[in-house]
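> prediction below, plus the sequence it came from.
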Amino acid sequence: MAKFGLVGGLGWIIDNGIYAVLWHGPMNDSTVKARIVSTGAAVLFSWFANRYWTFRHRRSAQVWKEFSLFLAMNGIGLAIALICQLISRYVLGYQSFTADFVSGGVIGMILGTIFRFLAYRFFVFNEELNEDPAFAHDHEAFEPESPTTPKIHSL
C-alpha cells in the first residue's frame, strides 16, 4: 500500500505539474485537453513504476493484456477526474486554474485513486495475489452474496 501511495503521489505531481504548465501555456484555451495530456504522461510513469516496483511479484506474463487493462482502468480514472472538472467548470461556473486544480487534480484524483487501487488489485496485477493464501479470499468482500452463503441478521 505504501509503494502504491508513493507511485500515486509521484504520478499526481507529474500530472498536475504538466497540467499547470499546459494550463498557463500552450493549452490555456482547452483545459480539458491539458488534463488528458498531463494524465497520459502520469499514466505512463505509473505503469512502469507499478509493474516493475509496486506489483513486481504480482505481474502477469502477458504484458500487453496487463497493459491494456491498466490503460482501460486509467481511462476510467481519467474520466472520473474529467467529470469532476467539467462539473466545476461548466455546471458550477468556476473557470479559474485553482477551481480546475481542486476539482480535477484533487477531488477527481481521490475518487479515481480509490477506483484504480481496487481495479489494479482485482483486474490488472492479480496473478500471484490470487494464489497467495493471505489474499485468496479478499475478492469476496466485493462480490455479491451467493444463495448458498449464510445470511447474518442483525437484531
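That came in fine, so what should we check first?

> low-confidence regions, this protein specifically.
For the chain, the stretches with pLDDT under 70 are 56-60, 125-155.

> which residue ranges of it form strands?
Remark: strands of the chain are absent; assignment by DSSP state E.

> where is the longest helix in this protein?
Longest helix in the chain by number of residues (criterion: DSSP state H): helix 63-86.

> how about it: buried residues?
66, 69-71, 73-74, 77-78, 80-82, 84-86 (16 or more other C-beta atoms under 10 Å). To be clear about C-beta, it is placed using only N, CA and C from the backbone, and glycine gets the same treatment.

> ok, now stretch 37-46?
37-39, 42-43, 46.

> contacts for that stretch, please.
7-8, 10-12, 14-19, 22, 27, 70-71, 74, 78, 81 (C-beta atoms under 8 Å, 6 or more residues apart in numbering).

> drop anything exposed from the residues you listed.
7-8, 11-12, 14-16, 18-19, 22, 27, 70-71, 74, 78, 81.

> in JSON lines: the buried residues of helix 63-86, plus distance to Tyr120.
JSON lines is the format used below for these (distance: C-beta to C-beta, whole Å):
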{"residue": "Glu66", "distance to Tyr120": "10"}
{"residue": "Leu69", "distance to Tyr120": "9"}
{"residue": "Phe70", "distance to Tyr120": "7"}
{"residue": "Leu71", "distance to Tyr120": "12"}
{"residue": "Met73", "distance to Tyr120": "7"}
{"residue": "Asn74", "distance to Tyr120": "9"}
{"residue": "Gly77", "distance to Tyr120": "10"}
{"residue": "Leu78", "distance to Tyr120": "15"}
{"residue": "Ile80", "distance to Tyr120": "15"}
{"residue": "Ala81", "distance to Tyr120": "17"}
{"residue": "Leu82", "distance to Tyr120": "20"}
{"residue": "Cys84", "distance to Tyr120": "21"}
{"residue": "Gln85", "distance to Tyr120": "23"}
{"residue": "Leu86", "distance to Tyr120": "25"}
